[in-house]
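Colleague: model this:
(2 chains)
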Amino acid sequence: MTTLFLVDDDEYIINSFRRIFTLKKDKYTPHFFTDPFIALEKLDDLTPDFLFTDISMKGLNGWELVKRFRERSPRTKLIVISGDVDREAADNLADYFLEKPTPYTELIRIMEQEED
Amino acid sequence: MKLTNISWLLQSLNSPFEQLYTGEYTDKGRVRIWNKGVEIPTDEEINRLVINIIRDNKTKQAGSKSKDFRLLKRKDRFGNVKTYLWLDDVTAGDKRHHRFIVFPMERDTLNELVENYCRYGIITERFNGFFCIINNYGEIIKINHLGLSLIGYEERELLGRPFQSILSSPKDYAQLLNMIGSTTGTHSLELCLIKKTGEKLIGLTYPIQVRDERDDIIYTSLIISDITYQIDELNNSIKNSMELLDSNEYLKKTQTTLIRTEKMAAVGELGAGLAHEINNPLSYLMNNMIMYTEYTTQIIRFIKQLSLGGPLDEQQIREEYQKLDLDFITGEMSLMSDEMKEGLEHIQKIVHSLKSFSGNERAKGWNYENINRAIEEMLIISRNRYKYDTSVKTELADIPSILCNLSELNQALLAIFNNSVQAVQEREKSNMGEIIIRTELDDTEENLLIHFENDGEPLSDEMKAKVFEPFYSNWKLVQGSGMGLTVAQDIIMGLHKGDIQISTVDDKTRFTILIPITEDIKEGA
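Modeller: A predicted model of the protein is given here:
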């Protein structure tokens, strides 16, 4: 089973991915967060294989979250999903960059690619 | 006491010529007094006499005792002692024509004259400028050393010579005469003098007329300031100004380009934020559409089983319904419908606001516009810019539509709003900042006031003074072209004949925009 964290402060986006991943529950164990701080807390319990995060968020932005995951969970692959940041900046900090609007198939593609 | 300045004594004496005693030296060295008043010198004769005395005196050795000038004391027929000034006319040449003039005067008068003479002498020679005296015939009767050195002549070359001969044009001389004859106070006149070398000297000339008791002009003093350097500088400056005018024209063109660039930069910045605002709903719309299709497929499968799989009893139908989890599916579909509807409306609202904010053709001209609505639309399209760290409140009064160029005004409002957002983002505090936007009419009800108040990083007085200057940025994080507020000021004050002020109220920075609600502002458009 592949464990993934999905962080976005837009509840409707989280809802939409939650629905998608109910169809994929045989292969993926997703954890959804609208608050990036709670995602960080969850790191105490488990180490995800993948972190998918938005950048522009209240409280803690995606760059900071990626940085902290890099420090605390080096094994986790970090993927930035954003509609308003520079791809170059994302490439420097994260392992992958996905541009919004992102179909769920893109998330699956990256995870399958990494697992191969 | 030097006789070179006897002209001053002569003229300051102001003695009626009838009181002059004139006479001559006899062959035997005696003095013969001509009858008083028999040979009264004319003005011209006195002037020439003085000039000759000055000229001849110059040829005498410095420090030699002059005998041209003596004081005499005589008793008059009533026994009163009288003082006389004895002046020899040494130019008469041979002894037969060696004449003299005697001025009767009181002792006090003499003291006064001596005092005046001393002062005059000092002024003449120590005056830090060109000093010259001309008589009523326009001839030079005195010129100081600085004057001589400035135009490169010897004194003897100029004394008695027409002043006009050292002027570059008769027109200058005519103007000077005109001014000397004028009784309406002291004026200055720019004269062009020709040096001995042929070079020009521009002199700012103050003519001072000295008049006798009959108000006739006795002579004219000219105080001349050499302003050749200043005139050259002025000419250079004019030349530079002309060049500057050319470059100003260039700058103006550049500024127009910058204003356009600023607009493009603002739109570009908006665009990035708008992309995020639109991409978020698009993201879940896309995912939800996939799920909608998936759920619809399952429902269709269920319906097909109902219709094609042969007759099913109620128990079988319930089992199939639960197997497909249709309760969950229909609940999710209902939720998804609401979310998708909201997402679509959000996108529609953004597109509408963006259109009326910048793309609407109607907004490009002068029309009556609702500024409250413009502010609300500005907040929709720039939401992504502030939503993470700033709470924006609006207190919009019931105001009439105003005649304005909305496309331009929107740009100004956005620039001021962006500055307020940045003030909040640059402050040290980590909690949410606050911006309050208020609209109201002023007390006269002739002006609309729009206030943007923020509790962000305060502006110092220096910043307030500079904040509208081109390319000035008051923030650590430089955003935009640095022309935002410059352009905003131009749009509000130049285009809309309004005003923009910055004040600090309860530690909050407040931008107040004033727009007159009149027809007149359109004239400037």
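
Colleague: mind checking which helix or strand of chain B has the lowest mean pLDDT?
Modeller: In chain B, no helix or strand scores lower on mean pLDDT, DSSP states H and E than helix B:6-13, which sits at a mean of 45.

Colleague: now the nearest residue to residue A:58 once chain neighbours are set aside: phi and psi?
Modeller: Computed as CB to CB, 6 or more residues apart in numbering or on different chains, the closest residue to residue A:58 that is not its neighbour in sequence is residue B:388, at 5.1 Å. C-beta coordinates here come from the backbone N, C-alpha and C atoms, glycine included. Here is the backbone geometry of residue B:388 (degrees, to the nearest 10): phi -80, psi -20.

Colleague: let me see the contact set for residue B:388.
Modeller: For residue B:388, the residues meeting the contact criterion (CB atoms under 8 Å, 6 or more residues apart in numbering or on different chains) are A:56-58, A:61.

Colleague: in the stretch 351-500 of chain B, which residue sits closest to chain A?
Modeller: Using CB to the nearest CB, the closest approach of the stretch 351-500 of chain B to chain A is made by residue B:388 at 5.1 Å.

Colleague: which residues in chain A form helices?
Modeller: Secondary structure of chain A, counting by DSSP state H: helices at A:11-22, A:36-42, A:62-72, A:87-93, A:104-115.

Colleague: those: lowest mean pLDDT?
Modeller: Within these, the stretch with the lowest mean pLDDT is helix A:87-93, showing a mean of 74.

Colleague: so that one, near chain B or not?
Modeller: No: with CB under 8 Å from any CB of the partner chain as the criterion, chain B is not reached by helix A:87-93; the gap is at least 12.6 Å.

Colleague: list the buried residues in that helix.
Modeller: With burial defined by 16 or more other CB atoms under 10 Å in any protein chain shown, the residues of helix A:87-93 counted as buried are residue A:90.

Colleague: that one - contacts with which helices or strands?
Modeller: Contact partners of helix A:87-93 among helices and strands, from 3 or more CB pairs under 8 Å, 6 or more residues apart in numbering or on different chains; DSSP states H and E: helix A:62-72, strand A:77-82, strand A:96-99.

Colleague: make it 6 Å
Modeller: Helices and strands touching helix A:87-93, as assessed by 3 or more CB pairs under 6 Å, 6 or more residues apart in numbering or on different chains; DSSP states H and E, comprise strand A:96-99.

Colleague: near chain A, which residues of chain B are found?
Modeller: Within reach of chain A by CB under 6 Å from any CB of the partner chain, chain B has these residues: B:272, B:275-276, B:279-280, B:282-284, B:286-288, B:291, B:339, B:388.

Colleague: the residue nearest the centre of chain A and chain B: what is the separation?
Modeller: With distances taken as CA atoms, centre = their mean, residue A:52 lies nearest the centre of chain A, 1.0 Å away. Taken as CB to the nearest CB, to the nearest Å, the spacing of residue A:52 relative to chain B amounts to 12 Å.

Colleague: residue A:79 is in contact with that residue, correct?
Modeller: Yes: assessed by CB atoms under 6 Å, residue A:52 is found in contact with residue A:79 at 4.8 Å.

Colleague: quick check on the residues of chain B next to chain A: which are buried?
Modeller: The neighbour-count test (16+ other CB under 10 Å) applied to these identifies B:275-276, B:279-280, B:282-284, B:286-288, B:291, B:339 as buried.

Colleague: for the residues you listed, work out which two are farthest apart.
Modeller: Spatially, the most separated pair among those is B:275 and B:291, at 24.1 Å (CB to CB).

Colleague: now the contacts of residue B:388: which count as buried?
Modeller: Judged by neighbour count, with buriedness set by 16+ other CB under 10 Å, the buried members of the contacts of residue B:388 are A:56-57, A:61.

Colleague: let me know the closest of these to residue B:442.
Modeller: Minimum distance to residue B:442 across the buried ones among the contacts of residue B:388 is 38.7 Å, recorded for residue A:56 (CB to CB).

Colleague: look up how far chain B lies from that closest one.
Modeller: Distance, residue A:56 to chain B, using CB to the nearest CB: 6 Å.

Colleague: kindly report the same for residue A:60.
Modeller: With the distance defined as CB to the nearest CB, residue A:60 ends up 10 Å from chain B.

Colleague: flag every buried residue along stretch B:351-360.
Modeller: Of the residues in stretch B:351-360, those scored as buried under the neighbour-count criterion (16+ other CB under 10 Å) are B:353-354, B:356-358.

Colleague: show me the contact partners of that stretch.
Modeller: For stretch B:351-360, contacts defined as CB atoms under 6 Å, 6 or more residues apart in numbering or on different chains pick out B:377, B:380-381, B:410.

Colleague: tell me the mean pLDDT for that stretch?
Modeller: Averaging pLDDT along stretch B:351-360 gives 71.

Colleague: now swap in stretch B:235-255 and tell me
Modeller: Computed over stretch B:235-255, the average pLDDT equals 71.

Colleague: thanks a lot, catch you later.
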